[in-house]
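Asks: Sequence first, predicted model second:
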Amino acid sequence: MSKQSLSVEGMLHTPGPWKVIPSPHGPKYACVQYGADDSYTSLEMLPADAQLTAAAPALLEALLHVRTDLLRTDFKNYAARAAYMERYIKAALKTVGA
C-alpha cells in the first residue's frame, strides 16, 4: 500500500501498516499502533477487534483494487478478472486471520 494517505470520497485515512500491540494491562486487551512512525496508539479493545482494526488499511486497499477493476472491466474476460479480485480479497482477509 502507498505510504501516502488514501483518499476515499473526500476522507483521509492513515496509511498502513497498522499493528496490534499488547495492552499494558495484560493479555485480555490489545491496542493498535499506527502512524508513519508508530506514534499513535488506539484505546484498549478485545484482541480480535484489534486484529480487525489493524487490518483496515489492507482491507481498504483490497476494496479499492476491486472497485477500480470493476469500473474498468468490460466483462469480456470475467474469469480472469474474478481471480484477480479474489487474490486481493484473500490477501486482505489473511491479515485478520480469516
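Replies: Received the coordinates, thanks. Numbering: from 1, shown residues only.
Asks: Which parts of the chain are helices?
Replies: In the chain, the helices defined using DSSP state H lie at 47-54, 56-72, 78-94.
Asks: and the ones you listed, which is most packed in?
Replies: Comparing the helices of the chain by mean neighbour count (mean count of other CB atoms under 10 Å), helix 47-54 comes out on top with a mean of 18. No exception for glycine: its C-beta is placed from N, CA and C like everyone else's.
Asks: Run through who's touching it.
Replies: 17-20, 27, 29-32, 34, 42, 45, 95-97 (CB atoms under 8 Å, 6 or more residues apart in numbering).
Asks: and if we set it to 6 Å?
Replies: Residues outside helix 47-54 that contact it (CB atoms under 6 Å, 6 or more residues apart in numbering) are W18, K19, V20, A30, V32, V96.
Asks: so the fourth one touches P24, yeah?
Replies: What it means is A30. No. Assessed by CB atoms under 6 Å, A30 is found out of contact with P24, at 10.6 Å.
Asks: quick one on the thing from earlier: least confident pick among the contacts of helix 47-54?
Replies: Within these, V96 has the lowest pLDDT, namely 63.
Asks: Pipe the helices of the chain into JSON lines and attach distance to L12 per row.
Replies: Shown next, in JSON lines, are the helices of the chain (distance: least, CB to CB, whole Å):
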{"stretch": "helix 47-54", "distance to L12": "17"}
{"stretch": "helix 56-72", "distance to L12": "12"}
{"stretch": "helix 78-94", "distance to L12": "20"}
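Asks: D37 and A50, how far apart?
Replies: 20 Å (CB to CB, to the nearest Å).
Asks: Any idea which of the helices of the chain gets closest to H13?
Replies: helix 56-72 (6.4 Å; CB to CB).
Asks: Fine by me, we can end here.
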